[in-house]
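> Just a sequence and a predicted model for now, questions to come.
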Amino acid sequence: MANRGYDVVVDVDAEGDLGHTDLQEDLEFHSSNFEDPQNRNKIQPDTASSFLNNGSSTRGHTSTKRLLWTIQFYAQFFDVDTAEVVKRCWAALYPRANFLDVLEGNPDLYGPFWIATTVVFILFMTGTISWKLASSGVEHYSYDFSLLSGAAGLIYGYTLIIPILLWATLKWFGSESANLLECWALYGYANLIWIPVALISWSPISILNYIFVGIGFGVSALFLFRNLYPVLSATDVRTSKILLIVVVALHAALAIAIKFLFFS
Amino acid sequence: MAAMLPSGQTSHDMRIESDLIDPDGADLDDLDDPLQPSNTTDRTPLTGNIGQAPSSSSSRNTQSYLSSQIPGEDRRAPTNTIDESVWDTLSRDLKAVWGKMRQVLWPKYLLGGMLVRGGGGVAGEAERGEHSGANAGAIRDVLGRWPDADTVLQGSMNEGMRDWDLWGPLLFSLLLSFLLSRGAQDDQKAAVFSGVFAMVWIGSAVVTFQIKLLGGSVSFFQSVGIIGYTLFPLVIAALLSSFNLWMIARIPVYIVLVAWSLAAGISILGGSGVVRNRVGIAVYPLFVFYVGLGALCFIT
């Protein structure tokens, strides 16, 4: 290639890397809107005009205006539609691909919150039925309301706090790819298996309940393990092993708590 | 111009006012003053209320601050409310609650009049049908007219709930908490009462926020009010539970009652502007809310 008469010489090397050219200086101050959550919208909001003024300048302007107390700020965490939620639920029950790939960089909080709520109510109901069947000799059985608060505390607490701890630990060990929303989505969708488990384990037969809760634990722990392993292995080998063991142990604690609080 | 006014009291007031206000500066605000309907300037046509004016002037003066004349603010209180009996006041509010409840729950208005139009839900394949296929289709056949997303969105909000109130929600949440706490264990009555009360209010707030977060533009308190009014079937369920209805008989009855509540509650979404393919996940929180409370009634 004759490079006389040109201002800029683009040196394309084997990897197609443009990093060593003079163009670098021009690219330096362009703000990246790669992280902008608006760009990940698959569903445009109802104001259809956003197709028209799609320029990056207005984009940057509106995203800074999303303050913490406006409802639009939180609406970006619920940017899903029905088909997407159903797809994610299937992906959580029958994991074929990595769940973080299914999320496509758009983790939602809809699934975690409402799956947790559903699990709370179903655990309460089936727990009550289980207790009632166990105490069938009693003349007038009245339900135990503390089961509901117990279920709410257990499920909401587990789904809310453990991902925060995990995320903080990952940040502490210097992982760049850790994302709190993805942790929440992961744990939230992992709860989905407890719905069918709770629906079938209301019977007073103890051995069946052990098997069902064991299946639930196995499926969700495998799900967590598969999806957390690539993230955790960003740290060094020893800490990632310890973290994985801790995650699985905490999940086992959840399963045991569910077994003995509701189906004993 | 104050001499046109028949009553001495009013004309005196008017004279003071016309002294204070420069007549040239009189603008539309003076003309629109609702408390002085007989306000006049040179441009107002001469209207006569000579006959009844002296008798009505005193009542008009009391009306001006004892009862509201601003449209939309009153609860069917056209006249002076200081003289009526307490029962009249209460019954008027109860009638307002009853009227709103009928508007929300009467089958004619359910789902924004969808049940009257009928059948439209079956023709269009809803978003649900596209994804879960034969299963949802079978369920829809069983239910007959299962409303699809478009029908839900086209249903208009009940006109009566445009001026919402929270009396119905308060009444029904208290009744529900009371009835459910009666059936609880002796040492848990207080916990059940407060728990159900909090569940109703926090639940309706969370459901409303969820709809707003999904892009719906519903008025917050209007939505909470409608959800509160739709608790009425669940109050019936709780009442049946407190009469120790037989457990097997509860199942069909309560399913019908919960479905009634849910069908009424979905009318929040009418005209809210939720995107069509999000209607399913906007309805699901309502479903969880009603089914949860219905289940609580069931086991009581």
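Structure received.

> Report the secondary structure state of the residue in the stretch 151-264 of chain A that chain B sits nearest to.
Per Cβ to the nearest Cβ, A:Ala152 is where the stretch 151-264 of chain A lies closest to chain B, at 9.7 Å. Bear in mind the C-beta positions are built from the backbone N, C-alpha and C, glycine included. For A:Ala152, the secondary-structure state derived from DSSP: H, G, I helix; E, B strand; the rest coil is helix.

> tell me what the helix or strand hosting B:Phe193 is packed against?
Element membership for B:Phe193, per DSSP states H and E: helix B:189-213. In this structure, helix B:189-213 makes packing contacts with helix A:71-75, helix A:146-172, helix B:167-182, helix B:220-229, helix B:279-299, judged by 3 or more Cβ pairs under 8 Å, 6 or more residues apart in numbering or on different chains; DSSP states H and E.

> what mean pLDDT would you report for that helix?
The average pLDDT for helix B:189-213 rounds to 90.

> Pull out the buried positions in that helix.
If you call a residue buried by 16 or more other Cβ atoms under 10 Å in any protein chain shown, then helix B:189-213 has these buried ones: B:189, B:191-193, B:195-197, B:199-201, B:203-204, B:206-213.

> Confirm for me that A:Ala92 is in contact with A:Leu192.
Yes. A:Ala92 lies in contact with A:Leu192 (Cβ atoms under 8 Å); the separation is 4.9 Å.

> And the residue in the stretch 1-150 of chain A that chain B sits nearest to, how far from A:Cys89?
As assessed by Cβ to the nearest Cβ, chain B sits closest to A:Thr82 within the stretch 1-150 of chain A, at 3.5 Å. Between A:Thr82 and A:Cys89 the distance is 11 Å, computed by Cβ to Cβ, to the nearest Å.

> Mind checking which of these two has more residues around it?
Using other Cβ atoms under 10 Å in any protein chain shown, the more surrounded residue of A:Thr82 and A:Cys89 is A:Thr82, with 23 against 15.

> Show the model's pLDDT score for the nearest residue to the more buried one once chain neighbours are set aside.
Take A:Thr82 and drop its neighbours on the chain: the residue closest to it by Cβ to Cβ, 6 or more residues apart in numbering or on different chains is B:Gly280, 3.5 Å away. As predicted, B:Gly280 sits at a pLDDT of 84.

> Repeat that for A:Leu192.
Per-residue confidence at A:Leu192 stands at 90 (pLDDT).

> before we move on, what about B:Leu269?
B:Leu269 is assigned 78 on the pLDDT scale.

> burial count for it?
Other residues near B:Leu269 number 26, with proximity taken as other Cβ under 10 Å.

> Low-confidence stretches in chain B?
Judged by pLDDT under 70, chain B has its weakly predicted residues at B:1-81, B:107-162, B:271.

> Okay, whichever residue of chain B sits closest to chain A and B:Pro233: tell me how far apart.
Residue nearest to chain A within chain B (Cβ to the nearest Cβ): B:Gly280, separated by 3.5 Å. Look at B:Gly280 and B:Pro233: by Cβ to Cβ, they are 23 Å apart.

> swap in A:Leu224?
Applying Cβ to Cβ to A:Leu224 and B:Pro233 gives a distance of 40 Å.

> ditto for B:Leu174
Distance check for B:Leu174 against B:Pro233: by Cβ to Cβ, it reads 16 Å.

> Looking at those two now, which is surrounded by more residues?
Set side by side, B:Leu174 and B:Pro233 give different neighbour counts by other Cβ under 10 Å, the larger being at B:Pro233 (23 against 15).

> Just give the number of residues close to residue 263.
By default, I'm working from chain A. A count of nearby residues for A:Phe263, using other Cβ under 10 Å, gives 26.

> my bad, chain B
Each residue near B:Ala263 was counted by other Cβ under 10 Å, and the total is 19.

> List the buried residues for whichever strand or helix holds it?
Secondary structure assigned from DSSP H and E places B:Ala263 in helix B:247-265. In terms of neighbour count (16+ other Cβ under 10 Å), helix B:247-265 has its buried residues at B:Arg250, B:Tyr254, B:Leu257, B:Val258, B:Trp260, B:Ser261, B:Leu262, B:Ala263, B:Ala264, B:Gly265.

> show me the contacts for the nearest residue to B:Arg182 once chain neighbours are set aside.
Spatial nearest neighbour of B:Arg182, excluding adjacent residues (Cβ to Cβ, 6+ apart): B:Ser242 at 5.5 Å. Contact criterion Cβ atoms under 8 Å, 6 or more residues apart in numbering or on different chains gives B:Leu179, B:Arg182, B:Gly183, B:Thr300 as the residues in contact with B:Ser242.

> Compute the number of surrounding residues for the first one.
It refers to B:Leu179. When neighbours are defined as other Cβ under 10 Å, B:Leu179 has 23 of them.

> Then the second one?
Residues lying near B:Arg182 (other Cβ under 10 Å) number 14.

> Give the phi and psi angles for the spatially closest residue to A:Ala221 that is not a sequence neighbour, as a check.
Counting by Cβ to Cβ, 6+ apart, A:Ala221 lies nearest to A:His251, which is 5.0 Å off, once chain neighbours are set aside. When read as degrees, to the nearest 10, the backbone of A:His251 gives phi -70, psi -40.

> so A:His251 touches A:Ser220, yeah?
Yes. A:His251 is within contact range of A:Ser220, at 6.6 Å (criterion: Cβ under 8 Å).

> Out of these two, name the residue with the larger neighbour count.
When neighbours are counted by other Cβ under 10 Å, A:His251 and A:Ser220 differ, and A:Ser220 comes out ahead with 23 against 20.

> Pull out the buried residues from the strand or helix carrying the more buried one.
In this assignment (DSSP H and E), A:Ser220 forms part of helix A:206-232. When neighbours are counted by 16+ other Cβ under 10 Å, the buried residues of helix A:206-232 are found to be A:209, A:212-213, A:216-217, A:219-221, A:223-224, A:227-228, A:231-232.

> just for the stretch 151-264 of chain A, where's the confidence low?
Of all residues in the stretch 151-264 of chain A, none has pLDDT under 70.

> what does chain A put close to chain B?
Residues of chain A lying close to chain B (Cβ under 8 Å from any Cβ of the partner chain) are A:43, A:45-46, A:71, A:74-75, A:77-78, A:80-83, A:85-86, A:110, A:114, A:117-118, A:121, A:124-125, A:128-129, A:132, A:142-146, A:148-149.

> now A:Glu176, what's its secondary structure?
Of the three states, A:Glu176 takes coil according to three-state DSSP.

> Quick one: residues contacting it.
Going by Cβ under 8 Å, 6+ apart, A:Glu176 touches A:Ala234.

> Also B:Val291?
Contacts were defined as Cβ under 8 Å, 6+ apart; by that measure B:Val291 touches A:Phe121, B:Val258.

> how close does it get to B:Ala191?
Using Cβ to Cβ, B:Val291 is found at 21 Å from B:Ala191.

> how does the chain divide up, domain by domain?
Went with chain A since none was named. A:23-78, A:82-262 (automatic domain parsing).

> oops, I was thinking of chain B
As given by automatic domain parsing, the domain ranges for chain B are B:2-34+B:41-62, B:102-299.

> close enough to count as contact, A:Leu228 and A:Glu182?
No. With the criterion set as Cβ under 8 Å, A:Leu228 and A:Glu182 do not qualify as a contacting pair; they are 10.2 Å apart.

> wait, what's in contact with the closest residue in space to A:Leu180 that isn't next to it in sequence?
Beyond its immediate neighbours in the sequence, the residue positioned closest to A:Leu180 (Cβ to Cβ, 6+ apart) is A:Trp167, lying 4.6 Å away. Residues counted as contacts of A:Trp167 (Cβ under 8 Å, 6+ apart) are A:Ala178, A:Asn179, A:Leu180, A:Cys183.

> One more pass at 10 Å, please.
Under the criterion of Cβ atoms under 10 Å, 6 or more residues apart in numbering or on different chains, the neighbours of A:Trp167 are A:Ser175, A:Ala178, A:Asn179, A:Leu180, A:Leu181, A:Glu182, A:Cys183, A:Trp184, A:Val231.

> got the phi/psi numbers for the second one?
Per-residue torsions, A:Ala178: phi -70, psi 140 (degrees, to the nearest 10).
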